[in-house]
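Novice: What follows is a predicted protein model with its sequence.
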Amino acid sequence: MPRLSKKKLIDCYRQMVRIRKVEEKLMEVFANGEIPGFLHVCIGQEAAPVAVCSHLTDRDHMANTHRGHGHAIAKGIALDSFMAELFGRSNGPCRGRSGSMHLADAAKGILGANGIVGGGIPIALGAAFASRYLDEESVTVCFFGEGATDEGAFHESMNIAAVMNLPIIFVCENNKWAEFTPQSVHMKIGNVSERAQSYGIEGVTVPNDFLTIYESAGKAVAKARAKGGPTLIEVDCDRWYGHFVGDAQKYRSPEDVERARRADCIARFENDLKKQKKITAAELKEIGRQVQEEVDAAVEFARQSPMPDHEALMDDLWA
Amino acid sequence: MREIRYIEAIKEAIEEEMDRDRRVFLIGEDVGRPGGAFGASRGLYDKFGPSRIVDTPISEAGFMGMAAGAAACGLRPIVEIMFMDFMTVCMDGIVNQIAKMRYMFGSQYAMPIVIRTPCGGGLNAGPQHSQCLEAWFAHVPGLKVVMPSSPYDVKGVLKSAIRDDNPVIVVENKALHALKGEIPEEEYLFPIGRADVKKAGADVTVVVASRMVHEALRAAGILADEGIDIEVIDLISISPWDKEMVFDSITKTHHLVIAHEAVTRFGFGAEIAATVAGELMDELDAPIERVGAPFVPVPFGLEQAYLPGVDHIVKAVKSTLARQF
């Protein structure tokens, strides 16, 4: 078990709760029409983003996916800024052009969520390449789902990362559902991490448990920083909700959804903290209250933020 | 002045820019020790080493995406795609990522990327090694596309492309690689977006690019014998294209022929023709003629029947002159 200070543990717990509460709020404002477009929530998968990104600094790079709110928050985007972008406001980091699915924040090393499954993986390679080229200590983390590991871009990237020995950590959040298709239908193997071996990369599979992921990610990040090359970490997690907000998951049994909800990574972390007497029930409750206040304030900030001017339509196309 | 080949001009441009700016690097298949499939990086591996002349697996999607990430993190990649046909296997990187990353992220990331790629028939390389796909990329907001026709132009415009903070696709026709031409001893740039009058003339404006420039110049000789004086405008840049120079020429000749090696349908000729028809119709004395390849893949064995060239241009010029309104 990794040794973590009480403060670090509580910070990480708070971050996981923050992601959960942000997404619950997003579902609410999406339902009442305040956010247009597509929204993909990662509720049930909060452990991996926080456990991995808590090893990173703003100088480290991160590429992620359409289901990317958790990664962005874990990598440090300010909630006000995050929410303004999701509301399509001009004071979002992408000036309201990216919304949920393409959110990037350069100041925090967030290279961008991606509307193309697997699209971010080669981009992450380039960031890792740049770190080495510029002789920087930074590393790159690339998040994707198990569905993306069927894309050619994944396989090309794993191979390139291996032969170039790039400072990169591939994190596959295997939530068992590639959009509406279960893993058994699109993949013969049980663990995605088995794919690493064929590229000469170390691959591990870990449960959806904060402390275990934290330990595994810590090793992989340290290895990458020490020029030891890439690692593939597969997190065996669960998606509670549908592929997108509004997807009723008719393709999935209610028992499976119930099982996923019972395997809640936040509840599990909470129990660990309580068992280790790192936190009291009252403190947990207080964190929940504070985070809710923060999230509500961010939504209010976004609501009050200006819509982009129509005259800005052609801005930013060219340097 | 000195005379060098087109492919050597490419190498000189890369070498000079890599000397000037440490952030510039070359990445692609066989670009290292082998010096590139067509020799564009010959000798550069020995000079700059494997960290800046980067050989890759045969993984265009992988290393095209890499260019996007590297550019976002401060580098200036030159990506070599061995044949333009292979651009199809890395379209996500080019179209969904590189072309959009500045815009959709609100200028948080710059995309100073050059993608160099040889196009065109003439080598009997068949349907999957001969295409001219420049119009595909010119259709995507966020990409610039150039198709220089001479050693002088390719060196100048490639250097400009490497210094450009936007993604630029530099399309080289394979038939031009061995072409010799004069270039100055001293350093120079040729700006993206500017065309060049390769031959002045009074009767018909012929807008061309890449290999077709040379076909048009041959056509000019044949037509001159018949008393027809064409003006050959080498676009060099397909997107953005030099509307002013083309319009000025039409205002003088009142006739327009556009010729490219790509299939005629939906080619860049259609864009130019539509723009002229929409904005300069009053200056035209006859219908616009377009020259391009027939709407079939480039065949291995029937290439000479397929490729548009001097005869097609001569015919189109005579046709527009015969069809006065």
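Specialist: Nice, thanks for sending it over. Numbering: from 1, shown residues only, chains lettered A, B, ... in the order given.

Novice: Please enumerate the helices of the stretch 151-300 of chain B.
Specialist: Remark: helices assigned in the stretch 151-300 of chain B by DSSP state H, counting those that start in this stretch are B:151-163, B:211-225, B:243-253, B:268-279.

Novice: Tabulate these (CSV), appending mean neighbour count, distance to B:F190 and mean pLDDT.
Specialist: Any C-beta I mention is one placed from the backbone N, CA and C, and that applies to glycine too. Formatted as CSV, the helices of the stretch 151-300 of chain B follow (neighbours: other C-beta atoms under 10 Å in any protein chain shown; distance: least, C-beta to C-beta, whole Å; pLDDT from 0 to 100):
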stretch, mean neighbour count, distance to B:F190, mean pLDDT
helix B:151-163, 25, 3, 98
helix B:211-225, 21, 14, 98
helix B:243-253, 17, 14, 98
helix B:268-279, 17, 19, 98
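
Novice: ok, B:V171 - how many residues close by?
Specialist: Neighbours of B:V171 under the rule other C-beta atoms under 10 Å in any protein chain shown: 23.

Novice: how about it, what does it touch?
Specialist: Shown in contact with B:V171 (C-beta atoms under 8 Å, 6 or more residues apart in numbering or on different chains): B:84, B:117-119, B:132, B:134, B:145-147, B:210, B:238.

Novice: Show me which of those residues are buried.
Specialist: Buried residues within those, counting neighbours by 16 or more other C-beta atoms under 10 Å in any protein chain shown: B:84, B:117-119, B:132, B:134, B:145-147, B:210, B:238.

Novice: and the two most separated of those?
Specialist: Maximum pairwise distance among the buried ones among the contacts of B:V171 (C-beta to C-beta): 15.4 Å, between B:P118 and B:I238.

Novice: distance of B:R22 from chain A?
Specialist: Remark: distance between B:R22 and chain A (C-beta to the nearest C-beta, to the nearest Å) = 9 Å.

Novice: Now that residue. Its backbone dihedrals?
Specialist: In terms of degrees, to the nearest 10, the main-chain angles of B:R22 are phi -70, psi -20.

Novice: What pLDDT does the model give it?
Specialist: Per-residue pLDDT puts B:R22 at 98.

Novice: Figure out which of the helices of the stretch 151-300 of chain B is closest to chain A.
Specialist: Ranking the helices of the stretch 151-300 of chain B by their distance to chain A (criterion: C-beta to the nearest C-beta) puts helix B:151-163 first, at 10.8 Å.

Novice: buried stuff in stretch B:73-88?
Specialist: For stretch B:73-88, burial by neighbour count (16+ other C-beta under 10 Å) applies to B:73, B:75-87.

Novice: Farthest pair within those residues?
Specialist: B:C73 and B:D85 (29.6 Å).

Novice: and A:H61, how far is that from chain B?
Specialist: For A:H61, the distance to chain B equals 7 Å [C-beta to the nearest C-beta].

Novice: Low-confidence stretches in the stretch 1-150 of chain A?
Specialist: Within the stretch 1-150 of chain A, the ranges that satisfy pLDDT under 70 run A:1-2.

Novice: 90 instead, please
Specialist: In the prediction, the stretch 1-150 of chain A carries residues with pLDDT under 90 at positions A:1-3.

Novice: Around chain B, pick out the residues from it.
Specialist: Residues of the stretch 1-150 of chain A lying near chain B by C-beta under 8 Å from any C-beta of the partner chain: A:61, A:63, A:92-98, A:102, A:104-106, A:111-112, A:114-116, A:119, A:121-131, A:133-134, A:140.
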